[in-house]
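Q: Okay, here's the prediction I keep looking at, along with the sequence it came from:
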Amino acid sequence: MPMVLLNCDTDIPERQKHVYLKSPDDDPATCLPVANAPTIPGTLSERGCAFCGAKLVIGGVLKDAIQMIHGPIGCAYDTWHTKRYPTDNGHFNMKYVWSTDMKEQHVVFGGDKRLAQAINEAFDQMPDVKRMIVYTTCPTALIGDDVKATVRQVMRDRPDVDIFTVECPGFSGVSQSKGHHVLNIGWINEKVGTLEKEITSEYTMNLIGDFNIQGDTFLLQKYWDRLGIQVISHFTGNGSYDDLRSMHQARLSVVNCARSSGYIANELKKRYGIPRLDIDTWGFGYMTDGIRKICAFFGIEERGEELIAEEWAKWKPQLDWYKERLQGKRMAIWTGGPRLWHWTKAVEDDMGIEVVAMSSKFGHEEDFEKVIARGRDGTYYIDDGNELEFFEIVDLVKLDVIFTGPRVGELMKKMHIPYINGHGYHNGPYMGFEGFVNMARDIYNAVNNPLRFLAAQDIRDPLPLIMPERLREAA
Amino acid sequence: MNTMLDERVDELLEYVEEKCLWQFFSRAWDRQENIDGVLDQTANLLAGHAPRLATPMERLFYADAKIMVDDLHSRFPWISESGEAEIRQLLDGLKGRLVENVITKSTNRELNQHLY
């Protein structure tokens, strides 16, 4: 039976449909984990809410829009500053946080007036900023505040501003994935096609599903500049609100994160006839393929080969140094969804690492189709994993390193397993050729860091057995 | 299908499963469109014909097919010795297997939702 009932799940046998152990003779039709389904009562997983998916993942990345959270202060604080997506205008998005700070009286008497006041105050305080996204949250959705009416009134009063409303309270979906969906579809319905920007190249594209984590977008932009490609819009790494209104002008949509942003690429294809090209931007082999495909689409293959040759000459020797030292290391990836399938084969091919367990917080079944196709036999594939499952899997697979978020990362640190931030990175960027060397370096440093052994030792014992000989000598 | 053809289709399928994101687009009709478009361009290129580049979608399929053809030549030396009819037969076999795996037999519950 390819689907696995873990010991810790004996009392919640429904979890069996969400945990798969791959073996070579499995029939794919019987081994796709159920995903994007409600979390089962009795399990406590680490999902975020739908509002978080819209604000923290996509909208909050934009460099020139006020992010007004209409709700209690916690909704704003907890989706601010927890991801590292810098911008080229001084990190406006990470410096400030805006909230209507709803209190009990506003829940009882309605929050519309408070929202109008907060929007006006924000624009008054920041007169150079003319763009805003307003988000509803659970309480303001439940009490029925008419956020769109308030926003329309402000836009009538202030004709120089443009505001986009995301009506995606936390409870509206099973995970943050719903927020991605609502923002994507809302944006194409209301904003794409409302502005024309100057076209400076015959080669134009949207770069969709890259959020400039620790400068990923900056790094990739150097490639597009060298290739002479004009990026009409970045959805949404270092992205500009107005650029995203011009997405319809691109000749091609290049998609990295298909989970968070595939919807808008599909709609651009359906409504404007813009082809959708999915690529992987992590890993030498994948990045090379991606550049080649983009260049083939535009008929500029020679420029692509020149760029690839230069980058390989510069970075491949460094990658190979790490690959030699990381052979056979065992890694787990417990992140949102797409990084499972972006990374599993890339770290195997480029670094010699075996990915032995993967868990997705908000991936859909499509993501599991991708990762199971690319992943190894003998690897666990888990949807919406809970803490007890994580402990049991760790015992089963014997990890050298795990890529996950800070919450699970803290658990792993207590188990003395090196943890690297799989969402915000440790020392990124990780995309592109240079980025993958950074990722390899972080893995090398993590698996060789003596601190985890030192943290595990009883300080009264001068030669604790838990520490390998080589590190004991060094200590 | 004879055994050798079957084995070669298996090899091609293994390559596509591992490398090609276009087979896993969001909806059944997108997957079918990509499978048809990319494999038709691939057959065309493998047979030594000029690519069809008249529409944006043809350019897209060409971009994916071009990388695939380069990979097939380097991974499977036998493909360079195959004739046009044999290539067509191989890719038809591959198309059938892909449609079965990622559309017909797939248990992905979102494949036939009418909206994105």
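A: Looks like it came in fine. What you see is a predicted model, and the numbers here were worked out from it, not measured in a lab.
Q: what about B:M4, how many residues close to it?
A: 9 (other CB atoms under 10 Å in any protein chain shown). Any C-beta I mention is one placed from the backbone N, CA and C, and that applies to glycine too.
Q: Quick one: classify residue 54 as helix, strand or coil.
A: Defaulting to chain A. helix (DSSP: H, G, I helix; E, B strand; the rest coil).
Q: Can you look at chain B instead?
A: Assigned with three-state DSSP, B:A54 falls in the coil class.
Q: Let me know the helix or strand that B:Q32 is in.
A: helix B:28-46 (DSSP states H and E).
Q: Outside of that helix itself, list whatever touches it.
A: The contact list for helix B:28-46 (CB atoms under 8 Å, 6 or more residues apart in numbering or on different chains) reads A:266, B:20, B:22-25, B:51-52, B:57-58, B:60-62, B:64-66, B:68-69, B:72, B:79, B:82, B:87-88, B:91, B:94-95, B:98-99, B:102-103, B:111-112.
Q: A:K197 reaches A:S240, doesn't it?
A: No - when contacts are counted by CB atoms under 8 Å, A:K197 is not listed as touching A:S240 (9.5 Å).
Q: Mind checking which of these two has more residues around it?
A: A:S240 (19 against 16).
Q: Would you confirm that that one contacts A:L62?
A: Yes - using CB under 8 Å, A:S240 makes contact with A:L62 at a distance of 6.9 Å.
Q: For chain B, which residues are neighbours of chain A?
A: B:17-19, B:21-22, B:24-27, B:30, B:53, B:56-57, B:59-60, B:62-64, B:66-67, B:101-102, B:105-110, B:116 (CB under 8 Å from any CB of the partner chain).
Q: Just these: which are in helices?
A: Secondary structure defined by DSSP state H assigns B:17-19, B:30, B:56-57, B:59-60, B:62-64, B:66-67 of the residues of chain B next to chain A to helices.
Q: Make JSON lines from the residues you listed and add pLDDT and neighbour count to it.
A: Listed next are those as JSON lines, based on pLDDT from 0 to 100; neighbours: other CB atoms under 10 Å in any protein chain shown:
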{"residue": "B:E17", "pLDDT": "94", "neighbour count": "20"}
{"residue": "B:E18", "pLDDT": "93", "neighbour count": "12"}
{"residue": "B:K19", "pLDDT": "96", "neighbour count": "21"}
{"residue": "B:D30", "pLDDT": "98", "neighbour count": "20"}
{"residue": "B:P56", "pLDDT": "98", "neighbour count": "15"}
{"residue": "B:M57", "pLDDT": "98", "neighbour count": "15"}
{"residue": "B:R59", "pLDDT": "98", "neighbour count": "21"}
{"residue": "B:L60", "pLDDT": "98", "neighbour count": "25"}
{"residue": "B:Y62", "pLDDT": "98", "neighbour count": "24"}
{"residue": "B:A63", "pLDDT": "98", "neighbour count": "28"}
{"residue": "B:D64", "pLDDT": "98", "neighbour count": "26"}
{"residue": "B:K66", "pLDDT": "98", "neighbour count": "20"}
{"residue": "B:I67", "pLDDT": "97", "neighbour count": "20"}
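Q: count of residues packed around residue 101?
A: All of this is about chain A. 17.
Q: Sorry, I should have been clearer: chain B.
A: Neighbours of B:N101 under the rule other CB under 10 Å: 20.
Q: got it, and A:D458?
A: Using other CB under 10 Å, A:D458 has 8 other residues around it.
Q: my read is it is in a strand, agree?
A: No - read with three-state DSSP, A:D458 is coil and lies in no strand.
Q: any weak-confidence spans in chain B?
A: Along chain B, the parts satisfying pLDDT under 70 run over B:1.
Q: Next, name the residue at the spatial heart of it.
A: B:L39 (3.7 Å; CA atoms, centre = their mean).
Q: how close does that residue get to B:G96?
A: Noted for B:L39: a distance of 10 Å to B:G96, by CB to CB, to the nearest Å.
Q: residue ranges of the strands in chain A, please?
A: A:19-21, A:66-70, A:98-99, A:131-136, A:162-166, A:204-210, A:230-236, A:252-255, A:276-278, A:330-335, A:354-360, A:380-383, A:401-404, A:419-421 (DSSP state E).
Q: Select, out of those, the one closest to A:G179.
A: A:G179 lies closest to strand A:162-166 among the strands of chain A, at 7.7 Å (CB to CB).
Q: and the closest one, which strands flank it?
A: Applying DSSP bridges, strand A:162-166 is found paired with strand A:131-136 (parallel).
Q: so what's residue 13 up against?
A: Chain wasn't specified; assuming chain A. So, once contact is read as CB under 8 Å, 6+ apart, A:P13 ends up touching A:L5.
Q: switch to chain B, that's the one I care about
A: Residues counted as contacts of B:L13 (CB under 8 Å, 6+ apart) are B:L94, B:R97, B:L98, B:N101.
Q: among these, which are in helices?
A: If you go by DSSP H, the contacts of B:L13 have B:L94, B:R97, B:L98 in helices.
Q: I'd like the distance between the residue lying closest to A:Q214 once chain neighbours are set aside and A:V401.
A: Closest residue in space to A:Q214, ignoring its immediate chain neighbours: A:G428 at 3.2 Å, by CB to CB, 6 or more residues apart in numbering or on different chains. Separation of A:G428 from A:V401 (CB to CB): 16 Å.
Q: quick one: which of these two has more around it?
A: In this view A:G428 and A:V401 are compared by other CB under 10 Å, and A:V401 has more residues nearby, 23 against 19.
Q: List the beta-bridge partners for that one.
A: According to DSSP bridges, beta-bridge pairing links A:V401 with A:M331.
Q: List the contacts of it.
A: A:K329, A:R330, A:M331, A:A332, A:I417, A:P418, A:Y419, A:I420, A:I443, A:A446, A:V447.
Q: Output those in a markdown table; the columns should cover neighbour count, distance to A:K17 and pLDDT.
A: Shown next, in a markdown table, are the contacts of A:V401 (neighbours: other CB atoms under 10 Å in any protein chain shown; distance: CB to CB, whole Å; pLDDT from 0 to 100):
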| residue | neighbour count | distance to A:K17 | pLDDT |
| --- | --- | --- | --- |
| A:K329 | 21 | 31 | 97 |
| A:R330 | 16 | 26 | 97 |
| A:M331 | 27 | 25 | 98 |
| A:A332 | 28 | 21 | 98 |
| A:I417 | 19 | 27 | 92 |
| A:P418 | 23 | 31 | 94 |
| A:Y419 | 24 | 28 | 94 |
| A:I420 | 22 | 30 | 97 |
| A:I443 | 24 | 32 | 98 |
| A:A446 | 21 | 33 | 96 |
| A:V447 | 20 | 33 | 94 |
